[in-house]
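In: The following block contains a protein sequence and its predicted model.
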Amino acid sequence: MSIVVGKIEEYDVLYIPEKDVLFCKNTTVSYDLLKAALIDRKFDRTQLKADLVLSVDSEIVTLGCLNTNLENCESIYQTIKKIKNGTRFSKKSD
C-alpha cells in the first residue's frame, strides 16, 4: 500500500509504510536517509545511486532532476510523522 504525502513538481510523493520508503517519479529513497538530509541536516549532498544525487543548497532541494524547497520537504515529513503516529491515513493504492 502507498500513501500520497505530497508533491514535488507535478509528481506525487508516495510513502510506503511497509518498507519505510518514499517514492517519487522513478526514485525510491529511504525515510531515514531523507530525514537525515532534509530535517536533521546531517549532510548537504549524498550520492544515492550512480546516477542520482540528493542535494540541499540553502532552501532548494534537488533529487535527481526534481527540485523543491525545504518548506515542502518539511510538510512531507510532518505528514509522514502523522502516519507513523497513526493520526493520518489516506490510501493511494493497494
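Out: Arrived safely.
In: Going by C-alpha atoms from here, please, whenever you check contacts or count neighbours.
Out: OK.
In: just the helices in the protein please.
Out: When secondary structure is read from DSSP state H, the chain shows helices at 31-38, 70-84.
In: Any stretches of this structure with poor pLDDT?
Out: Residues of the chain meeting the criterion pLDDT under 70: 87-94.
In: The most centrally placed residue in it: what's it in contact with?
Out: Centroid check for the chain by CA atoms, centre = their mean gives residue 22 as the closest residue, at 5.2 Å. Contacts for residue 22 were tallied using CA atoms under 8 Å, 6 or more residues apart in numbering; they are 13-16, 28-31.
In: Residue 12 now?
Out: Neighbouring residues of residue 12 by CA under 8 Å, 6+ apart: 4-6, 24-25.
In: on that earlier part again, present the helices of the chain as CSV; the columns should include distance to residue 48 and mean neighbour count.
Out: Supplementary listing: the helices of the chain in CSV, determined by distance: least, CA to CA, whole Å; neighbours: other CA atoms under 10 Å:
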stretch, distance to residue 48, mean neighbour count
helix 31-38, 9, 17
helix 70-84, 17, 16
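In: what's the closest of these to residue 57?
Out: Evaluated over these, closeness to residue 57 peaks at helix 70-84, with 9.5 Å, by CA to CA.
In: now the closest one against helix 31-38, angle please.
Out: Here helix 70-84 points in a direction 150 degrees away from that of helix 31-38 (axes from the mean of the first three to the mean of the last three CA atoms, to 10 degrees).
In: Just the CA trace of helix 70-84, in CSV.
Out: Extracted in CSV, the C-alpha atoms of helix 70-84 (Å, rounded to 0.1, in the frame of the first residue of the first chain):
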residue,chain,number,x,y,z
LEU,A,70,12.7,22.9,2.3
GLU,A,71,9.2,24.1,3.3
ASN,A,72,7.7,21.4,1.0
CYS,A,73,10.0,18.8,2.4
GLU,A,74,9.1,19.8,6.0
SER,A,75,5.4,19.4,5.0
ILE,A,76,6.0,15.9,3.6
TYR,A,77,8.0,15.0,6.7
GLN,A,78,5.2,16.2,9.0
THR,A,79,2.6,14.2,7.0
ILE,A,80,4.7,11.0,7.3
LYS,A,81,5.2,11.7,11.0
LYS,A,82,1.4,11.7,11.4
ILE,A,83,1.1,8.5,9.5
LYS,A,84,3.7,6.9,11.7
